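Undergrad: Predicted model and sequence follow; I will ask about them next.
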Amino acid sequence: MINKNRYIRWVLLAVGLTAILGLTAMNVFSLYALHDNVAKNSVENQKRQLLEFSNQVKNRIHYPEVHLRGLDMQKIQASITAPGEVPSEILNIISKAGNDSIFSNIYLALPEVNPSVHNNVPLWRFHSGTGRFYESVAYSRNVTDGLILAKTRMNAILSDYRMSTRAMFDSHKTMVVSMINPRTQQIIAYLIFEIDSIFLVKNYIEPKMRSKFGKSEDSGIVVWLHDWTQNAVLATTDSGFEYSSRLVNHIQLFPYLLHDWNLKATFTNNPEVAASQASLMRNLLALGIAVLLLIGALMFIFFAAQRERLLAQRQSLFLANVTHELQTPLSVILAAGENLSDGRVTQIDRVKSYGSHILHESVRLRTMIERLLDVARSDNKTIRVKKEWVSVTEKTKELLESKEGLLKQHQVRLHFEANPDVPELYIDPADFFSAMDNLIDNALKYGKDGKYLGISIHSAPDQIEISVEDFGVGISRQDQRYIFEKFFRVEDALTAHTKGHGLGLAIVKDIMSRYGGSIRVES
């Protein structure tokens, strides 16, 4: 039954530890999952900001095409015949674009115009001061390239195209808006918007980037406007953060425009992610401390219960031994007393023998009772000491003289030595006698045949060391930890046939600690 209960206790301990570790693992997983979600949401939010920014740039450049898309192209086609005949609806839109510094020049070309690099065919140039178009041959190669590119593309897609406008970009140089009559699928005209790329970068994109994304230490992101054809950084939100392709975590293209440019970003230590990381570390630390405390408390309760169980077993065995040992001298005293009181013993020698038995068993009984009282007083902290200056050398000699007969009876070989300069101690002589008496009794009880008792007293700075040595069977290293505990006895063949209660060394340890001393064993 005892083994079964022990097995159940260990199983319950294992189940409890498994439950604690399982719940801890789940909590750790949840904390990391929460942190990962915060990090992912932060990155996704930054990606959305990049997309929003690219759309803002697109809307700033694309707005002429957006407004042109709502016009009646059938009507406009019939009215555009000369620079001075451009409809007011178009002029209103072009005037607004002409006031935008992003566009350096605006031109209009009819579909039959075919400019080339070597032949400057007149185009209609918009003059923002008068708000009208005039013929001009003074235009850059960018305008020619953009118009040729747009005409080529529109010729390829016109038959399947159903919208009234189509914007095409020659990288960051020009935007050409084709005006189309969707009913007849004819090109009405081309509007060429020459883009001032320097103004676009320095006066619009870069300031807007820095305003939207801010400093990297605040936003957790560094953004570069990168020209991938030239491998050049045109603008950045953090000039102190050097660009490297290895650092790029995300690339955002500009939708339908600025094909040679893109936004490249690296995600640094985002404050939100850093706060989540700090919170994760704090939660893991708190969880770890809580788990350690919980496991510690569980282990303490378990081993305390184990210890209490062992102590209860020792106390039960102790009571059985004490009861048996008390009965033995009492039985001897009772039998001797009955014989003497009945007058059965009349011879002087037998009377002396019976008296000797009664005296010996009475002394033995008193010794057991005194040790039990010492333990009780020690547990209740009610021991009263009468200190005086004591020579431990002389007191030890007195104790050995009192035990001289016992030593001869057991044929014990005694070796005693003491330094002459051993100082006196301010202690209770009765405590010293009790401690030494227990140690000597142990040496006599557990020594082998040809018993030996060695006592040496040496002085050292601030302490006196008393050594009691015997040639016993030895004590295992595992049991050495417990021999100074009450009721503990080493379970082996020798102690099974040796009377004892497991109190002697516990009493010695209590006396030593009472005077600031210590006791140790070497086997």
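TA: Thanks, I have it.
Undergrad: all helices of the stretch 151-300 of the chain, in order?
TA: 197-199, 206-213, 216-219, 271-341 (DSSP state H, counting those that start in this stretch).
Undergrad: pLDDT on the second one, on average?
TA: If I follow you right, that is helix 206-213. Summarised as a single mean, pLDDT over helix 206-213 is 90.
Undergrad: buried residues in it?
TA: For helix 206-213, burial by neighbour count (16 or more other CB atoms under 10 Å) applies to 206, 209-210, 213. Where you see a C-beta, it was placed from the backbone N, CA and C, and this is true even at glycine.
Undergrad: Same check on the third one?
TA: For helix 216-219, the neighbour count (16+ other CB under 10 Å) marks 216, 219 as buried.
Undergrad: now that helix, how far from the centre of its chain.
TA: Helix 216-219 sits 27 Å away from the centroid of its parent chain (CA atoms, centre = their mean, to the nearest Å).
Undergrad: The second one now?
TA: Relative to its chain's centre, helix 206-213 lies at 38 Å (CA atoms, centre = their mean).
Undergrad: other SSEs contacting that helix?
TA: Of the remaining helices and strands, those touching helix 206-213 by 3 or more CB pairs under 8 Å, 6 or more residues apart in numbering; DSSP states H and E are helix 2-68, strand 221-227, strand 232-236.
Undergrad: Need the winner for burial among those.
TA: Greatest average neighbour count among the helices and strands packed on helix 206-213 goes to strand 221-227 (a mean of 23), per mean count of other CB atoms under 10 Å.
Undergrad: Determine the set of other helices and strands touching that one.
TA: Under the contact criterion of 3+ CB pairs under 8 Å, 6+ apart, strand 221-227 touches helix 2-68, helix 206-213, strand 232-236, strand 261-267.
Undergrad: Partner strands of the shortest one, with direction?
TA: I take that to be strand 232-236. Note on strand 232-236: by DSSP bridges, its sheet partners are strand 221-227 (antiparallel).
Undergrad: Over to the last one?
TA: Paired strands of strand 261-267, with direction, are strand 221-227 (antiparallel), strand 250-253 (antiparallel) (DSSP bridges).
Undergrad: Nearest to A286, out of the ones you listed?
TA: Closest of these to A286 is strand 221-227, at 30.8 Å (criterion: CB to CB).
Undergrad: What average pLDDT does that closest one get?
TA: Strand 221-227 carries an average pLDDT of 91.
Undergrad: got the angle for it vs helix 2-68?
TA: Going by axes from the mean of the first three to the mean of the last three CA atoms, to 10 degrees, strand 221-227 is angled at 40 degrees with respect to helix 2-68.
Undergrad: Check what contacts strand 221-227 and list those residues.
TA: 46, 49-50, 201, 205-206, 209, 213, 216, 232-238, 241, 243, 247, 260-268, 270 (CB atoms under 8 Å, 6 or more residues apart in numbering).
Undergrad: could you redo the last one with a cut-off of 7 Å?
TA: For strand 221-227, contacts defined as CB atoms under 7 Å, 6 or more residues apart in numbering pick out 46, 201, 205, 209, 213, 216, 233-238, 241, 243, 260-268.
Undergrad: Distance from it to the middle of the chain?
TA: That offset, for strand 221-227, works out to 36 Å (CA atoms, centre = their mean).
Undergrad: hey, C-alpha coordinates of that strand in CSV?
TA: Output of strand 221-227 as CSV, limited to C-alpha atoms (Å, rounded to 0.1, in the frame of the first residue of the first chain):
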residue,chain,number,x,y,z
ILE,A,221,11.0,52.8,-42.2
VAL,A,222,13.6,54.3,-44.6
VAL,A,223,12.3,55.0,-48.2
TRP,A,224,14.5,55.7,-51.2
LEU,A,225,13.3,57.0,-54.6
HIS,A,226,15.5,54.9,-56.9
ASP,A,227,16.2,55.1,-60.6
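Undergrad: quick check: angle from it to helix 206-213?
TA: 150 degrees.
Undergrad: hang on, the earlier thing: with distance to L149 added, can I get the strands paired with strand 261-267 in CSV?
TA: Shown next, in CSV, are the strands paired with strand 261-267 (distance: least, CB to CB, whole Å):
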stretch, distance to L149
strand 221-227, 19
strand 250-253, 19
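Undergrad: quick one, which of these is nearest to M512?
TA: Judged by CB to CB, the one of these that comes nearest to M512 is strand 221-227, at 69.8 Å.
Undergrad: what's the closest of the strands paired with strand 261-267 to K408?
TA: K408 sits nearest to strand 221-227 of all the strands paired with strand 261-267, at 96.1 Å, using CB to CB.
Undergrad: Which residue ranges of the stretch 301-450 of the chain form helices?
TA: Using DSSP H, counting those that start in this stretch, helices in the stretch 301-450 of the chain cover 348-380, 392-402, 404-409, 429-446.
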